[in-house]
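# what shape does this take:
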Amino acid sequence: MAVQELQPDRRVLANDSLLDRTHIVAMAAQAVVLGAVLLTLFVDDRYHDRLAGVAALGIAMIFAMQMALRRIALAIRSRQRKQYRLTRDSREQIQELFAMTDMLQAAETYEDAGAVLMATARRLLPGYGAALYVFNNSRDRLDLARAWDMPEGFIAQDMLSPSNCWALKRGKPHINAPADATLCCAHHGSPLASVELPMMASGQLHGLLVITHGESDGAFERLMEIRRLGRALSDSMSLALSNISLREKLRTQSLRDPLTGLYNRRYMEDALERFVSLGSRSGGSTAVVMLDLDNFKKLNDENGHAKGDAVLRDVAAQIVGCLRPSDVVCRYGGEELVAILPDCSLDDAMEKAELLRERINSLSASHECAISASLGVASVPETATSATDVLPISDAALYAAKKAGKNRVICSERRAGKDAGAPRLATVVRG
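A predicted model of the protein is given here:
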C-alpha cells in the first residue's frame, strides 16, 4: 500500500518539472522573437526577411509551448481535483470511523457491536457484502455473529476452524481470489473473491471480518484497494470485541464461583427473591434444596485438597446435569450447595433431591473414595412464607439429615396455614 500511495506524488512532481521546463523554453522563444524584432531596427533591410523567419519560428514555438502548458495545466488541475476528492472521501471515512468507535463504546453485546459494524460498512463500502465471525468461549472455532449483503454464490458458513484460515494463522489480511490463482483458505468454497481481516487486540485474536463483492472481473485489484479501509473497520471492531469479552469475563467472575462454575451466593439470593415474587403472583411454588457433602474435611485430609476440588467440580456438574435450565444452582459456602427450583412443588422437589443424592453417591466409584451428601428441602409457600424464611428452614432440614445419619434427604414439615408458627421438621428418609 505504501508504494501505491507514493505513485500519485511522483506523477505530480513529474508534471511540475515538465511545467517548469516548458516555461523556460517558452521564455527563451519569446526572447528570440524579441531579439529578432529589435535587430530589424539596427541591421540592413536585406536581413529583415531572415529575421522575420526567426521571429515566425519563435512565435510558432511560443504557440506550441502555450498548447503544451495548457495540457499540463489541465492534467495538474485534474490531478488536483482527484486529490481533493480523495482527501474529501478520506475525511468522510475518518468521520465515519470515529462515529463507529463512539457507538461501539456503548455496545454491550456482540449483537450490538455487529449492528454498528454493519451500519458503518454499508456506508463506507456500498456494494460489498461482509460477514463477522467471533471466537466461541472455548476458542476452538469461530461462530457467525452477523452477515449482510452477501452476493449470490457466496455462502457465509455458520462456523469456521482457525486451522483452516490463513488470515488467522498469519494474523494478517488474506485475499482469496480463485480466478487469480491465489492461495485460498480451506473453508473458502466460492468462486467469488474475498478478503479476510483478522481482529486482534491486546495480542489476542477475537474474530474475523470477511468482505466480498459479487463481480469477478478485477476482483483482486478491487479488494486490494479496499483492504486498508477494511483493516480500519476490523481494528475498531477488534477493540470493541476485546472490551465486550472483558466485560463478560468480569461479569462471570462476579456471578460465578471460579472452582465449580456455579453461581455465587449473592446471585442466588437475588434469584430467590425474584422467583418467590413471581411465584406469589402466579400461585406457583418455589422449592429450595440445600446440600452438604458428608465428611468432606476427612476426604480432604486423607486425599488432599486437589481431590476435594475435583469432587466439588464433579458434584456441581452432576447437579447441573440433573436439573432444568431454568433452575439456579449456587455454591453457598465451602462444600454446601443450594439449588433453587422455580415452579416446583414440595413433592417434586423431594423426588429431585433424592435423584441428586443418588447421582452424587455414584461418584464414589470413579473417585475411589466415599462420597455422599445430606440434603434439606423446603419451599414457598408449603413450608415457608418468604424468601427470607426458606433458606434457614432448608438449612435446618439439612442439619437434621446430618444428625439422622447423613446420606439422606429430609423435608421440612408443611405449614398448617398462613398463620402457623415456625414449621416443624418431618423426617423423610429415602434410599
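
# buried set for the helix or strand containing Ala349?
Following DSSP states H and E, one finds Ala349 within helix 346-361. The neighbour-count check on helix 346-361 (16 or more other C-beta atoms under 10 Å) flags 346, 349-350, 352-354, 356-357, 359-361 as buried. C-beta coordinates here come from the backbone N, C-alpha and C atoms, glycine included.

# just flag the most distant two among those residues.
The two members of these with the most space between them (C-beta to C-beta) are Leu346 and Asn361, at 22.5 Å.

# so where's the stretch 51-200 of the chain shaky on pLDDT?
51 (pLDDT under 70).

# from the contact counts, what lies against the helix holding Ala349?
strand 286-293, helix 305-322, strand 336-341, strand 373-380, strand 409-412 (3 or more C-beta pairs under 8 Å, 6 or more residues apart in numbering; DSSP states H and E).

# angle of it against strand 336-341?
Interaxial angle, helix 346-361 versus strand 336-341 (axes from the mean of the first three to the mean of the last three C-alpha atoms, to 10 degrees): 140 degrees.

# where's helix 346-361 relative to the chain centroid, distance-wise?
Between the centre of helix 346-361 and the centre of its chain there are 40 Å (C-alpha atoms, centre = their mean, to the nearest Å).

# ok, the buried residues of helix 346-361 vs Arg415, which is closest?
Looking across those and measuring by C-beta to C-beta, the closest to Arg415 is Leu346, at 10.4 Å.

# could you pull up the contacting residues of that closest one?
Contact criterion C-beta atoms under 8 Å, 6 or more residues apart in numbering gives 285, 287, 377-379, 382-383, 411, 414 as the residues in contact with Leu346.

# excluding covalently adjacent residues, which one is nearest to Ala387?
Distances taken as C-beta to C-beta, 6 or more residues apart in numbering place Val276 nearest to Ala387, at 4.3 Å, with adjacent residues excluded.

# please read the previous query as pertaining to Leu233.
Leaving aside its sequence neighbours, Leu233 sits nearest to Ala121 (C-beta to C-beta, 6+ apart; 6.1 Å).

# what is the neighbour count of the one you found?
In terms of burial, Ala121 registers 24 neighbours under the definition other C-beta atoms under 10 Å.

# what's the following helix or strand after the host helix or strand of it?
Element membership for Ala121, per DSSP H and E: helix 110-124. Once helix 110-124 ends, the next helix or strand along the chain (criterion: DSSP H and E) is strand 128-135.

# helices or strands up against that following strand?
With contacts defined as 3+ C-beta pairs under 8 Å, 6+ apart, the packing partners of strand 128-135 are helix 110-124, strand 142-148, strand 204-213, helix 219-255.

# that older thread, quick one: secondary structure of the residue nearest to Ala387?
Classification of Val276 into helix, strand or coil gives helix, according to DSSP: H, G, I helix; E, B strand; the rest coil.

# please name the nearest non-neighbouring residue to Arg256.
For Arg256, ignoring the flanking residues on the chain, the nearest one in space by C-beta to C-beta, 6+ apart is Tyr263 at 5.8 Å.

# how close does the one you found sit to Arg251?
For Tyr263, the distance to Arg251 under the criterion C-beta to C-beta, to the nearest Å works out to 12 Å.

# what's the closest non-adjacent residue to Ala179?
Going by C-beta to C-beta, 6+ apart, Ala179 has Ser216 as its nearest residue, at 5.5 Å.

# quick check: the one you found touching Pro191?
Yes. At 6.9 Å, Ser216 counts as touching Pro191 under the criterion of C-beta atoms under 8 Å.

# between the two, which is the more surrounded one?
For Ser216 versus Pro191, the count of surrounding residues by other C-beta under 10 Å is larger for Ser216: 16 against 12.

# tell me how far the more buried one lies from Gly129.
The value you get for Ser216 to Gly129, if C-beta to C-beta is used, is 14 Å.

# could you do Ser190 as well?
Ser190 sits 11 Å away from Gly129 when distances are taken as C-beta to C-beta.

# what is in contact with Ser216 and Pro191 at once?
Looking at what touches both Ser216 and Pro191 (by C-beta under 8 Å, 6+ apart), the common residues are Ala179.

# packing partners for the longest helix along the chain?
Secondary structure assigned by DSSP state H gives helix 48-104 as the longest helix of the chain. For helix 48-104, the contact count by 3+ C-beta pairs under 8 Å, 6+ apart identifies helix 2-39, helix 110-124, helix 219-255 as packing neighbours.

# among those helices, which is nearest Arg331?
Relative to Arg331, the nearest member of the helices and strands packed on helix 48-104 by C-beta to C-beta is helix 219-255, separated by 11.5 Å.

# helices or strands next to that closest one in the packing?
Helix 219-255 makes packing contacts with helix 48-104, helix 110-124, strand 128-135, strand 174-176, strand 194-201, strand 204-213 when contacts are defined by 3+ C-beta pairs under 8 Å, 6+ apart.

# how about these, which one is nearest Met159?
Shortest separation from Met159 across the helices and strands packed on helix 219-255 is recorded for strand 128-135, at 8.0 Å, computed as C-beta to C-beta.

# sheet partners, orientation included, of the closest one?
Paired with strand 128-135 in the same sheet, following DSSP bridges, are strand 142-148 (antiparallel), strand 204-213 (antiparallel).

# out of those strands, which one sits most buried?
Burial of the strands paired with strand 128-135 is given as mean neighbour count (mean count of other C-beta atoms under 10 Å); strand 204-213 ranks first at a mean of 23.

# now that one against helix 219-255, angle please.
For the pair strand 204-213 and helix 219-255, the angle between their directions (the same axes, to 10 degrees) equals 140 degrees.

# just how off-centre is strand 204-213 within its chain?
A distance of 10 Å separates the centroid of the chain from that of strand 204-213, by C-alpha atoms, centre = their mean.

# what does stretch 338-349 give?
For stretch 338-349, the distance to the chain centre is 37 Å (C-alpha atoms, centre = their mean).

# which element is Ser364 on?
Assignment of secondary structure by DSSP H and E places Ser364 within helix 363-367.

# what comes up buried for that helix?
Neighbour counts using 16+ other C-beta under 10 Å place Leu363 of helix 363-367 among the buried residues.

# find the residue closest to the most centrally placed residue in the chain in space, skipping its chain neighbours.
In the chain, the C-alpha closest to the average C-alpha coordinate belongs to Leu241, at a distance of 3.7 Å (C-alpha atoms, centre = their mean). Nearest in space to Leu241, with sequence neighbours left out and distances taken as C-beta to C-beta, 6+ apart, is His206 at 4.0 Å.
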